[in-house]
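Visitor: Provided below for reference: sequence and predicted model.
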Amino acid sequence: MSFRIGDPRVEDTAHEGGDGAARLRRTTAPVPRFGHGSRVPGWDESVDLSKDPAVIPDKETTPVPAELRAEIEAAMAKYPDRRSAVIPALHAAQAIHGWCSPEAIHQVAAVMQVTPAYLSSVATFYDMLETRPEKVGHHDVYVCTNISCSLRGADHILDAMVKVAALTDGEVHVRAFECLGACDIAPMASVDGEYVGPLTPEDTEQIVEDLRAGRPVLESKQLRFRKCADPGVAEGASDFSPPGGDVPRTDTAGLTEEARELDRPGGTAAIEMPAEEAAEEDEE
Amino acid sequence: MKLLLDRIDEPGLNRLEVYERRGGYQALRKALGMTPEEVLQNIADSGLRGRGGAGFRMGQKAGFLPHGDMDKYLVCNADESEPGTFKDRELMQKNPHMLIEGIAIASWAAELDRAFIYIRGEYRQQADILEAAIAEALEAGYLGERILDSEHSLTLVLHRGAGAYICGEETGLLDSLEGKRGNPRLKPPFPAIEGLYHGPTLINNVETLCTVPHVIRMGGAEYAKLGTETSTGTKVVSVSGDVQRPGNYEIELGIPSRELICDLAGGPPEGREIKFWFPGGSSSPVLTKDDLDIPYDFDSMAKAGTMLGSGAVIVVDDSHTVLEVAQKVAHFYAHESCGKCVPCREGTNWTVKMLRRIESGEATPMDLDIMAGVQEQIIGNCLCVLGDAMAMPIGSMIEKFRPELEAEIEAARQRADAAELHDVVPLGVADPHAGPLPVHTAR
């Protein structure tokens, strides 16, 4: 979900001024519309219909960052049909360019040997692929606003998050998102892929602060530390403590302290630990 | 009895070593000692029904795949996007090897050697964990060429999506996996005959596949003794919304819903009462507090005019209005409609607009009839059930809470009158003051 034109959440920040507000407006208003829904004439003027559609860029002469090329080629090799790698390729390009910019699409098209239009058709379909300008290296904050979260006050979290992020000059990109699949910690948000909740409006400032300082975001509220709610899961188990307490501290994603240092964002590091080390930890 | 959530918080369970220590991959050994037909027969005997939403029998579905030498695929649907559902997330994050073992067994039963896991892009941490687990399993010889020196080979690829509800629909998922926009396909042909890359494809939910090792370990007939006669086994249910202890609970199918909502999840907050609840994700028609004694299984829910769906219970207490929840539901489906079929694309969008009219005091009680009519025209008229998934809950809310919605309409009209904002603009007339409309083309 993007903000709608005239959405009060956007208006609020606009009154306060600042670049953030202007940026939010730009990301949220795709096409100006009349009150009854029709597009205002002239909405498509930027499209030059006299131009020929872009062709597949030349593989050899198009400059593509080496790591991006390698990543896309590795992805293509995994599937019987190379086009299956479109989403991983666009994700990779977005990570480098900040969004699916025309340049990013051109580079992916050159490596994958498909038309830019085909890639645009895919990029515009999926919520996680940005089709509007974003800063390179920005942080994505998705605030869940679906039923379970909104029953527990997600709209206030979103309001607060938008206000806080508006002051960061595009460093933090906030979006209202549909159900992120973590209704047990509602209201929640995904900060660069790290699920945190249940949130209070005050937590939003901490999120931005943590992001700026480059430390784990709102560590006491991360989903990875949360135990299963079902009291029956502990039955018959001897080597771990049953769920309980306000903030269960066992990292169920299995991350050690130093692994977590290396592991912003994502969660693979622990599993790559050497077997002996892992065994030691288990004995503890 | 816990099968899937059994000691799931054990630290390091996502590593092969711990999983093996707990008896992991023994079911795969057992299955590889049987013929594919015997494995399939065990799955069929277990009566295991799909846990993703439709509740189709897995044994039957796997049996539809043609035999013989051809490119066949197994796709694990890990695009868990039904609002209120988070069971697959917990399973994949904490016990990824159980899923991999299930996939290895299911692909042996269906005699195929190529499998994909389509995981939603938002589950970054879970995808990373799965990817590492796949690498571990490959190294230990549970995946790859000639698994455990048997005839069975399997290549397993993890594919990350990019955020689209419709990609949880099986044919939308296939299109997305082929690198296209995730538009659903016309059925038939069903994916079991013509699916991924035009090959026969078996598609199953994460939880279904996670159950397969337990079915093989216990034997199909033994597993079928759990639960009720037509809804066998255990199910992980995600309970969320206005309850004191939201989370995943594994239950034997057929227990009273009250036990699940009020005992396990702690019921509504102090001093509140349950107003209504969704028994199977936001797509299922709502039930009220009078329905709490209905057994929680596939058939009892169907008999009550709703569905078990993905097993996501969302509880709404009396501090919330029906209109508020209806707007959230409708807005979600309007946003997520892929736009391919007209009844869904237009129906979801107009439902949002009509609900907004109620809120702004422009609606009349007649609007409820029109809205109910719109829902009826969506159901059964599209390629997939996304439109139905909005039409069913909205229709049931209008049916069960009509007096409240009528009172809401009247109250909103009076509010609007009082604020002298009551200048109703006939639809179709341009009015720059009419305010914003939901922009459906947000993508």
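Guide: That came through, no problem. Residues are numbered from 1 along each chain as shown, chains lettered A, B, ... in the order given.
Visitor: so what's whatever residue of the stretch 151-284 of chain A ends up closest to chain B up against?
Guide: Closest residue of the stretch 151-284 of chain A to chain B, Cβ to the nearest Cβ: A:Ala229 (2.3 Å). (C-beta placed from N, C-alpha, C; glycine too.) With Cβ atoms under 8 Å, 6 or more residues apart in numbering or on different chains as the criterion, the residues that contact A:Ala229 are A:Asp184, A:Pro243, B:Arg245, B:Pro246, B:Gly247, B:Asn248, B:Tyr249, B:Ala265.
Visitor: ok, how many other residues are close to the residue lying closest to the third one once chain neighbours are set aside?
Guide: In other words, B:Arg245. Among residues not flanking B:Arg245 along the chain, B:Gly266 sits closest, at 4.2 Å (Cβ to Cβ, 6 or more residues apart in numbering or on different chains). Other residues near B:Gly266 come to 15 when the count uses other Cβ atoms under 10 Å in any protein chain shown.
Visitor: repeat for B:Gln93
Guide: Other residues close to B:Gln93 by other Cβ under 10 Å number 26.
Visitor: cool, the one 3 residues further on as well?
Guide: Applying other Cβ under 10 Å, we find 28 residues neighbouring B:Pro96.
Visitor: Quickly note the distance from B:Pro285 to chain A.
Guide: Using Cβ to the nearest Cβ, to the nearest Å, B:Pro285 is found at 14 Å from chain A.
Visitor: secondary structure element for the closest residue to that residue other than its chain neighbours?
Guide: Distances taken as Cβ to Cβ, 6+ apart place B:Ser396 nearest to B:Pro285, at 3.6 Å, with adjacent residues excluded. Assessed by DSSP states H and E, B:Ser396 sits inside helix B:386-400.
Visitor: Same check on B:Gln125?
Guide: Using DSSP H and E, B:Gln125 falls within helix B:124-139.
Visitor: now swap in B:Thr155 and tell me
Guide: Following DSSP H and E, one finds B:Thr155 within strand B:155-160.
Visitor: Now find how far off-centre that strand is within its chain.
Guide: 20 Å (Cα atoms, centre = their mean, to the nearest Å).
Visitor: before we move on, back to that, I'd like to know which elements the helix holding B:Ser396 is packed against.
Guide: Where contact means 3 or more Cβ pairs under 8 Å, 6 or more residues apart in numbering or on different chains; DSSP states H and E, helix B:386-400 is packed against strand B:274-278, helix B:322-336, helix B:342-360, helix B:366-378.
Visitor: What's the first helix or strand after the first one?
Guide: Okay, so that is strand B:274-278. Tracing the chain past strand B:274-278, the next element assigned as helix or strand by DSSP H and E is strand B:287-288.
Visitor: neighbouring strands for that following strand, and are they parallel or not?
Guide: Partner strands for strand B:287-288, per DSSP bridges, with pairing direction: strand B:274-278 (antiparallel).
Visitor: separation between the residue nearest to B:Arg245 and B:Gly247?
Guide: 10 Å (Cβ to Cβ, to the nearest Å).
Visitor: Burial-wise, tell me which of the helices and strands packed on helix B:386-400 comes out on top.
Guide: When you average the neighbours per residue for each of those (mean count of other Cβ atoms under 10 Å in any protein chain shown), strand B:274-278 leads with a mean of 24.
Visitor: quick one: contacts of it?
Guide: A:147, B:84, B:241-242, B:261, B:267-268, B:284, B:286-289, B:292, B:312-318, B:320, B:322, B:393, B:397, B:400-401.
Visitor: at 6 Å what do you get?
Guide: Contacts with strand B:274-278, where a contact means Cβ atoms under 6 Å, 6 or more residues apart in numbering or on different chains, come from B:Pro268, B:Ser284, B:Val286, B:Leu287, B:Thr288, B:Lys289, B:Ile314, B:Val315, B:Val316, B:Asp317, B:Asp318.
Visitor: three-state assignment of the residue of the stretch 151-284 of chain A closest to chain B?
Guide: Secondary structure, DSSP: H, G, I helix; E, B strand; the rest coil: A:Ala229 is coil.
Visitor: Out of the contacts of strand B:274-278, which is nearest to B:Cys76?
Guide: Nearest to B:Cys76, judged by Cβ to Cβ, of the contacts of strand B:274-278 is B:Ser284 at 23.2 Å.
Visitor: coming back round to it: for the helix holding B:Gln125, the distance to its chain's centre please.
Guide: Its chain's C-alpha centre and that of helix B:124-139 lie 23 Å apart, by Cα atoms, centre = their mean.
Visitor: where does the stretch 1-150 of chain A have low pLDDT?
Guide: A:1-30, A:46 (pLDDT under 70).
Visitor: residue of it with the smallest distance to chain B?
Guide: Closest point on the stretch 1-150 of chain A to chain B, by Cβ to the nearest Cβ, is A:Gly35, at 2.8 Å.
Visitor: That residue sits in which helix or strand?
Guide: Using DSSP H and E, A:Gly35 sits within no helix or strand.
Visitor: Up against chain A, what does the stretch 51-200 of chain B have?
Guide: B:80, B:83-84, B:86, B:89, B:94, B:121-122, B:124-125, B:128-129, B:132, B:157, B:162-164, B:178-179, B:181, B:197 (Cβ under 6 Å from any Cβ of the partner chain).
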